[in-house]
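Asks: Kindly generate the corresponding structure for this input.
(one chain, ligands or ions: 1)
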Amino acid sequence: MKINAKPRICFATPVLEGELTGVEELNKGLTQLFFSLEKEGYRNLTRINTTQGDIYDSPGDLFSLTHYPEIAEIKQHMNGVLTSWILETGKMTRAELSQLHFEIESWFHITRYGGTKTLHDHGQCSWSMIYYVDAGDPPPPEFPRSGFLQIYDPRRIQMNPYDKGFSNFKPTFDYGGFSVAPYSGKFVVFPGYLQHEVLTYFGNKPRIMIAINCLIRERT
Ligand SMILES: [Fe+2]
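Replies: Reported below is the predicted structural model:
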């Protein structure tokens, strides 16, 4: 008797983590611009109930403000990251992708001491992205995941604590959730269906990030 079998990797989750390097000047420019936009009152007037504590929330049309060279530049970088990831994970050609329309919602957050973003997803769109302009202060020892992004697998597998059959999976098969430690220049791309939250930030330096949601559709 012989057993023939091979693993079938299925339902893998296309998450991309990376960083932009050599962008110190760009991040400085974005920081100054965002502080001045905040002062001018460029603000999201609808307080979203997942935004808790001291978080400044811009309107969702940030990437339309391309008359600011810093916005035009970061938009171009993030578009490049997303396009490459779609081409790598999918079967579309670059020419086919270029025929489609990217409908983008984008905004920035300035998070100050105590700011929290509670659990949510962006299931209305295929791709979500986060870019850290300034990660702020590192976590204090008593809150080692201050300001971390937590991403969770939506398959809510009921774990019987006595059942060790799923324990210690290799990363390919793991499920549950993982933490992303922010640093300036870092980005994360993930499917909008993944639930995520930002743990309470216990730093004094304002922490600045850009969030992007993108749905991609036929041109009309
Ligand atoms: Fe989000």
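Asks: Tell me, what's the model's pLDDT at N168?
Replies: With respect to pLDDT, N168 scores 83.
Asks: Please apply the same query to the one 5 residues further on.
Replies: According to the predicted model, the pLDDT of F173 comes to 85.
Asks: likewise D134?
Replies: pLDDT, read off for D134, is 98.
Asks: My guess is it contacts P206. True?
Replies: Yes - assessed by Cβ atoms under 8 Å, D134 is found in contact with P206 at 7.2 Å. For glycine as for every other residue, the C-beta is placed from the backbone atoms N, C-alpha and C.
Asks: which residues touch R43?
Replies: Y56, D57, S58, P59 (Cβ atoms under 8 Å, 6 or more residues apart in numbering).
Asks: repeat that for 10 Å
Replies: By Cβ atoms under 10 Å, 6 or more residues apart in numbering, the contact list for R43 reads L37, Y56, D57, S58, P59.
Asks: chain center to the worst-scoring helix or strand of the chain on mean pLDDT, what's the gap?
Replies: Across the helices and strands of the chain, mean pLDDT, DSSP states H and E gives its lowest value to strand 51-52, namely a mean of 85. Relative to its chain's centre, strand 51-52 lies at 17 Å (Cα atoms, centre = their mean, to the nearest Å).
Asks: any idea what sits nearest the residue nearest the centre of the chain, other than its immediate chain neighbours?
Replies: Centroid check for the chain by Cα atoms, centre = their mean gives I130 as the closest residue, at 3.0 Å. The spatially closest residue to I130, leaving aside those adjacent along the chain, is V188, at 5.0 Å (Cβ to Cβ, 6 or more residues apart in numbering).
Asks: Just grab the bridge partners of the one you found for me.
Replies: E17, I130 (DSSP bridges).
Asks: does it really touch Y132, like I thought?
Replies: Yes - V188 lies in contact with Y132 (Cβ atoms under 10 Å); the separation is 8.9 Å.
Asks: Pick out whichever of the two has more residues nearby.
Replies: Using other Cβ atoms under 10 Å as the criterion, V188 and Y132 rank with Y132 on top: 24 against 18.
Asks: The closest residue to M92 other than its chain neighbours: what secondary structure?
Replies: Nearest non-adjacent residue to M92, counting by Cβ to Cβ, 6+ apart: I86, 6.8 Å away. Classification of I86 using DSSP: H, G, I helix; E, B strand; the rest coil returns helix.
Asks: follow-up on the earlier one: find residues that contact each of V188 and Y132.
Replies: L149, V180, P182.
Asks: mind listing which of these are in helices?
Replies: Residues of these located in helices (DSSP state H): none.
Asks: ok, those residues vs T93, which is closest?
Replies: V180 (30.7 Å; Cβ to Cβ).
Asks: my read: the closest one touches E19, true?
Replies: No - with contacts counted by Cβ under 10 Å, V180 stays clear of E19, the gap being 11.7 Å.
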